[in-house]
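> Requesting a structural model of the entry that follows:
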Amino acid sequence: MTAAFERLDATTREHSLQVSRYSAILAQTIGVPPAQVSSITLAAKFHEIGKLAVPETILYKPAKLTAEEQAILREYPLRGYEMMRQEQSLVEAAEIVYCHRENFDGTGYPRRLKGESIPLGARIVAIADTFAMFVSDQPHRPEHAINAARNYVCRWSGNCFDPLAVEIFGEIPNHIWQSARPTSES
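Presented below is the predicted three-dimensional model:
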């Protein structure tokens, strides 16, 4: 799986490592057992791996995606799951990868799971993924302040995100999140 991870573009790899760090913080704060924290952080690292199966013309299209292109893109969690489940040691992490785009209210994808039918690890990775996206400097969005990113996640509590996980996320001090951000040497 490491070889596949290296095939991702540098921005996606760094984002995935950031999501892994944030997922570990949130999982530990929630009180997830250490073995499960390991599976969650591994899943977070590989949560974008299925994008290797999506044509680059869709991934990097500068214009709005067509409905057909959106459907193809939305298959990436399934593709990542299929890649990861081949390794016995990654089966638990694969399930998290498969479900990390599900929304707590059942409006996500690929299976439209709802509430606690979404694995806890996937609910954690979903929060960490969104938070990382908003605090990172991306070509289409300038870096947001940690508070603005936290507020965005909290605003979607109960819709996209598990309300209990969001509540705990909101209690983690900014300096903890700041210490997990990459430095210029990373």
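
> What sits closest to the residue nearest the centre of the chain if chain neighbours are left out?
With distances taken as C-alpha atoms, centre = their mean, the residue of the chain nearest its centroid is D129 (3.5 Å). The shortest distance from D129 to any non-neighbouring residue, by C-beta to C-beta, 6 or more residues apart in numbering, is to V19 (5.0 Å). The way it works is simple: take the backbone N, C-alpha and C, and place the C-beta from them, glycine included.

> and that neighbour, helix, strand or coil?
helix (DSSP: H, G, I helix; E, B strand; the rest coil).

> quick one, what contacts it?
Counting by C-beta atoms under 8 Å, 6 or more residues apart in numbering, V19 touches 44-45, 47, 125, 128-129, 132.

> Output the below-cut-off pLDDT ranges for this structure.
For the chain, applying pLDDT under 70 flags the ranges 137-143, 183-186.

> Just the buried residues out of the contacts of V19, in PyMOL syntax.
A single PyMOL command selects the buried members of these (16 or more other C-beta atoms under 10 Å):
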select buried, resi 44+45+47+125+128+129+132
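
> Helices - which of the contacts of V19 land there?
Secondary structure from DSSP state H places 44-45, 125, 128-129, 132 of the contacts of V19 in helices.

> Tell me which other helices or strands the one helix or strand E92 maps to touches.
E92 is part of helix 91-99, with elements assigned from DSSP states H and E. When contacts are defined as 3 or more C-beta pairs under 8 Å, 6 or more residues apart in numbering; DSSP states H and E, helix 91-99 packs onto helix 34-45, helix 76-84, helix 120-135.

> Restrict the helix or strand just after the first one to CA atoms and write it as CSV.
Downstream of helix 34-45, the next assigned helix or strand under DSSP H and E is helix 56-59. Taking C-alpha atoms only, helix 56-59 is exported to CSV below (Å, rounded to 0.1, in the frame of the first residue of the first chain):
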residue,chain,number,x,y,z
GLU,A,56,-6.9,12.5,-13.9
THR,A,57,-9.1,14.4,-16.4
ILE,A,58,-11.8,14.2,-13.7
LEU,A,59,-9.6,14.7,-10.6
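
> Can you give the contact residues for the helix or strand following helix 56-59?
Sequence order places helix 67-73 as the next helix or strand after helix 56-59, per DSSP H and E. Helix 67-73 is contacted from outside by 54-55, 58-59, 61, 65, using C-beta under 8 Å, 6+ apart.

> Check stretch 150-170 too.
In contact with stretch 150-170 (C-beta under 8 Å, 6+ apart) are residues 26, 29-30, 103-105, 107-108, 115, 118, 120, 123-124, 126-127, 130-131, 134, 144, 174, 177.
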